[in-house]
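**Student:** Fold the following for me, if possible:
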Amino acid sequence: MLAGDLRSLNQVLREPVEYTLELAELTQPLNAWIGARVHIAHTGVKRCVACGRQVNKLFQNGYCFPCVRSLAECDLCIVKPHECHFHLGTCRDESWAQDHCMIPHYVYLAWSSGYKVGLTRKGRELKRWMDQGATEAMVIAEVPTRRIAGELEMEIAKYMADKTDWRKMLREDTVPDRSLKEVLLDVLDKLNPDYHQYLVEEKWMPQTIHYPRTPEFTVNLKSMNLDKSPEVMGTLRGIKGQYLLFDEGVLNIKKYAGYHVEISANVPVEA
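**Tutor:** I've put the predicted structure just below:
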């Protein structure tokens, strides 16, 4: 049995993606668990992923309320980068911003639940795409700061989605009706010329990503909730994005970051 505070699902790009369950104290490879009965029990303890204090309620994927109010990584501009206020001198933590926001960022196109635009720090694009369950993605621009990346994202989002529908992403019942490069050409036709200086043509090479999943498995989109039902048990059939896919429903691991859990799996022994 494993025990610890949940953090996230970590991924390595393989064929298919190789997943590891990240706990505060340890990690557990997960691909070998597909086909096994898995039991996850929330013990009732919740700890902030930043300061470690035990609390009754967590926010923004694992933070206590004081940390949400004080940490730069919990500020609104993290989810709305175009509203970055570093240049106004009002950033919560300028040193953190220098390391995370005042550095090169990529703007990309991807297919997850449909075509979308997104952004990520340079060098983290593969992790970002796998986190979102993208099956195809491509960097289109490199910009010097997160704020400019957010502005470019908002410009493209005028005519393309910038969010992922998790249900469609997990269901996988729609497929692209054209290539990612065709989508890029449409973007370029509409893009404000002020942003052309950031385009990186050498990056316009689509990356295809496959996720571990039992053949012929049809996902059950019932959302498992550790607050309403602290014990989850089921046969693991696949993993995609931050979701464990069971016969009985799906569990978003990232949503329960900071929850202390006990986990066991009845993994069949190979003959």
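
**Student:** so where is the stretch 151-271 of the chain shaky, pLDDT-wise?
**Tutor:** Residue ranges of the stretch 151-271 of the chain with pLDDT under 70: 268-271.

**Student:** Now do the helices for it: every range, in order, please.
**Tutor:** In the stretch 151-271 of the chain, the segments counted as helices under DSSP state H, counting those that start in this stretch are 166-171, 180-190.

**Student:** Identify whichever of those helices lies nearest to Val55.
**Tutor:** helix 166-171 (26.1 Å; C-beta to C-beta). From N, CA and C alone the C-beta is placed, and that goes for glycine too.

**Student:** To Lys122, which of the helices of the stretch 151-271 of the chain lies closest?
**Tutor:** Lys122 lies closest to helix 180-190 among these, at 18.7 Å (C-beta to C-beta).

**Student:** other SSEs contacting the closest one?
**Tutor:** Using 3 or more C-beta pairs under 8 Å, 6 or more residues apart in numbering; DSSP states H and E as the contact test, the elements touching helix 180-190 are strand 105-111, strand 115-121, strand 136-143.

**Student:** returning to that earlier point: output the helices of the stretch 151-271 of the chain in JSON lines; the columns should cover distance to Leu244.
**Tutor:** Output for the helices of the stretch 151-271 of the chain, formatted as JSON lines (distance: least, C-beta to C-beta, whole Å):
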{"stretch": "helix 166-171", "distance to Leu244": "11"}
{"stretch": "helix 180-190", "distance to Leu244": "28"}
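
**Student:** returning to what we had before: of the helices and strands packed on helix 180-190, which stretch is the most buried?
**Tutor:** Highest mean neighbour count of those: strand 105-111, a mean of 25 (counted as mean count of other C-beta atoms under 10 Å).

**Student:** Report the mean per-residue pLDDT for that one.
**Tutor:** Predicted confidence along strand 105-111 averages 98 (mean pLDDT).

**Student:** Residues in contact with that strand: which ones?
**Tutor:** 115-122, 125, 128-129, 132, 134-146, 148-149, 152-153, 156, 160, 176, 180, 183-184, 187, 198, 203 (C-beta atoms under 8 Å, 6 or more residues apart in numbering).

**Student:** Gln11: which element?
**Tutor:** Gln11 belongs to strand 2-12 when assigned by DSSP states H and E.

**Student:** Show residues contacting that strand.
**Tutor:** The contact list for strand 2-12 (C-beta under 8 Å, 6+ apart) reads 17-28, 30, 43, 45, 47, 49, 62, 127, 130-131, 239, 241-242, 244, 253-254, 256-264.

**Student:** Just the buried residues of these.
**Tutor:** Neighbour-count burial (16 or more other C-beta atoms under 10 Å) applied to these gives 17-19, 21-23, 30, 47, 49, 62, 130-131, 239, 241-242, 244, 253, 256-261, 263.

**Student:** would you turn the helices and strands packed on helix 180-190 into TSV with distance to Pro230?
**Tutor:** Below are the helices and strands packed on helix 180-190 laid out as TSV (distance: least, C-beta to C-beta, whole Å):
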stretch	distance to Pro230
strand 105-111	34
strand 115-121	33
strand 136-143	35
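
**Student:** Go through those strands and name the closest to Cys74.
**Tutor:** strand 115-121 (17.0 Å).

**Student:** I'd like the mean pLDDT over the closest one, please.
**Tutor:** So the average pLDDT for strand 115-121 ends up being 98.
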